[in-house]
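> build me a structure from this.
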Amino acid sequence: MSHYLPWQSSQWQQLSEQLQANRLPHALMLTGIKGIGKLHFAKAFAETTLCTNRQIDGCACGQCRSCLLVAAGSHPDLVTLMPEDDSKVIKIDQIRDFIDTMTLTSQYGGYKVVIIYPADTLNRNAANSLLKTLEEPPGQSLIVLVTDRPSHLPATIRSRCHQLAFHAPIHSEALSWLKNQPESIAQAETLLALASGGPLEALKLAENDVLSIRDSHFTGFREIADGIHEPAKLASDWLKNGIKQPLYWLSTWIMDIIRLKVVQNPPQLNNPDLRTNLQHFAEGLNLTGLYAFQEKITDTLKLADTQCNAQMLLEGLLIEWKRLQKN
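Numbering: from 1, shown residues only. Model (predicted):
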């Protein structure tokens with residue numbers, strides 16, 4: 001049985017009351033930063049909506065036939081749409097298939113629910129097709145769009161959904177939740193900072209051993225500054241897992257260096273465990289140059305999904321980083 005997360009109680013109560021009063025909107029859009037459990041919430045609420053024996057607290061019972069089917073991933077009235085296989089987008093054929101399903105009578109006499117995640121990956125044709133359904137939704141249906149980037153969706157779709165905003169929990173609550181997970185999480189505070197306060201994203205980072213990867217990248221970053229490593233070779237090494245991850249690390253390091261340059265003891269860093277090393281850079285670098293470099297990283301991130309030469313892009317940034325040490 002799925003259950004909402006501790007920091008989602010107000011959103012849960014709001015929807016539970018609407019469900020109880022039979023006043024659920026036809027379409028919901030769950031928004032908020034990555035890693036705070038929006039998809040988890042969507043799945044838990046879908047289970048509750050389909051449950052035939054809801055509990056006093058508004059949660060699913062976890063034992064009725066409907067709940068068992070949801071748990072098995074085979075409930076006929078629940079559809080989850082995500083990009084298929086290696087595709088980066090949700091396509092129009094997927095939307096058409098779900099529309100056909102939604103027009104059929106519910107097999108259990110209740111709601112038909114569809115979860116679309118990430119909703120911002122709908123391609124143009126799929127979005128247009130979905131819009132028609134949002135304008136004339138089937139009876140007793142619930143369409144739940146989940147997105148970290150609502151601005152990437154057409155305004156016409158956003159306007160036809162009831163938006164429910166989610167926020168990262170306060171630091172102490174997120175840290176407590178992480179430390180109480182069955183998995184042993186070392187350096188939970190650092191992982192939470194890297195995840196911008198998203199506990200589920202921090203958990204994912206821990207599972208993927210991201211700190212080891214980051215530390216390896218940072219060694220190269222430091223060696224470029226010291227003149228030990230060559231930009232071309234390091235760029236080639238970093239690109240083995242794609243360009244986005246090294247660009248992300250570069251961005252977080254430079255933002256932290258800027259914070260340390262501007263404020264003597266900033267309360268929050270993306271890489272709190274690297275404070276001493278980053279402080280050393282902050283003391284020797286020019287603030288104007290750092291801002292300009294951060295802007296170049298941001299511009300490069302915008303090109304990451306294009307056909308541009310990734311080696312040249314990353315190598316250029318590393319050459320600029322090396323040059324900054326001499327200014």
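
> strands along the protein, start to end?
27-31, 78-81, 112-116, 141-147, 162-165 (DSSP state E).

> packing partners of the first one?
This means strand 27-31. helix 38-50, strand 141-147, strand 162-165 (3 or more Cβ pairs under 8 Å, 6 or more residues apart in numbering; DSSP states H and E). Any C-beta I mention is one placed from the backbone N, CA and C, and that applies to glycine too.

> what are the contacting residues of that strand?
Strand 27-31 is contacted by residues 15, 38, 41-42, 119, 134, 137, 142-148, 150, 153, 158, 160-166 when judged by Cβ atoms under 8 Å, 6 or more residues apart in numbering.

> for the stretch 151-300 of the chain, just list every one of the helices.
For the stretch 151-300 of the chain, applying DSSP state H, counting those that start in this stretch gives helices covering 155-158, 171-179, 188-194, 199-207, 210-225, 231-238, 244-262, 275-284, 287-303.

> which positions in the shortest one come out as buried?
By 16 or more other Cβ atoms under 10 Å, the buried positions in helix 155-158 come out as 157-158.

> please apply the same query to stretch 288-299.
Neighbour-count burial for stretch 288-299, counted by 16+ other Cβ under 10 Å, picks out 290, 293-294, 296-297.

> can you redo the helices of the stretch 151-300 of the chain as CSV with distance to residue 22 and mean pLDDT?
Converted to CSV, the helices of the stretch 151-300 of the chain look like this (distance: least, Cβ to Cβ, whole Å; pLDDT from 0 to 100):
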stretch, distance to residue 22, mean pLDDT
helix 155-158, 25, 96
helix 171-179, 33, 92
helix 188-194, 39, 91
helix 199-207, 31, 93
helix 210-225, 44, 95
helix 231-238, 54, 95
helix 244-262, 44, 95
helix 275-284, 54, 95
helix 287-303, 45, 95
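
> in CSV: those, plus distance to residue 9.
Converted to CSV, the helices of the stretch 151-300 of the chain look like this (distance: least, Cβ to Cβ, whole Å):
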stretch, distance to residue 9
helix 155-158, 25
helix 171-179, 11
helix 188-194, 20
helix 199-207, 15
helix 210-225, 29
helix 231-238, 42
helix 244-262, 31
helix 275-284, 34
helix 287-303, 35
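
> out of those helices, the one nearest residue 268 is which?
Distance to residue 268, taken as Cβ to Cβ, is lowest for helix 188-194 among the helices of the stretch 151-300 of the chain, at 7.1 Å.

> need the contact partners of that closest one.
Helix 188-194 has contacts (Cβ under 8 Å, 6+ apart) with 171, 174-175, 178-179, 185, 198-199, 202-203, 205-206, 210-211, 214, 252, 268-273.

> domain parsing for the chain?
Following automatic domain parsing, the chain resolves into domains at 6-165, 171-207, 210-324.

> what are the buried residues along the second one?
Right, domain 171-207. 174-175, 177-178, 185, 188-195, 197-203, 205-206.

> same thing with stretch 142-152?
For stretch 142-152, a neighbour-count test (16+ other Cβ under 10 Å) marks 142-148, 150 as buried.

> what's the offset of it from the middle of its chain?
Mean C-alpha position of stretch 142-152 versus that of the full chain (Cα atoms, centre = their mean, to the nearest Å) differs by 11 Å.

> can I get it as CSV, trimmed to CA atoms?
Provided in CSV are the C-alpha atoms of stretch 142-152 (Å, rounded to 0.1, in the frame of the first residue of the first chain):
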residue,chain,number,x,y,z
LEU,A,142,-8.8,11.7,-13.3
ILE,A,143,-5.8,12.8,-15.4
VAL,A,144,-2.7,13.5,-13.3
LEU,A,145,0.1,15.3,-14.9
VAL,A,146,3.4,15.3,-12.9
THR,A,147,6.2,17.7,-13.8
ASP,A,148,9.3,19.5,-12.5
ARG,A,149,9.0,22.0,-15.4
PRO,A,150,5.4,23.2,-15.8
SER,A,151,6.6,26.2,-17.9
HIS,A,152,7.6,23.7,-20.6
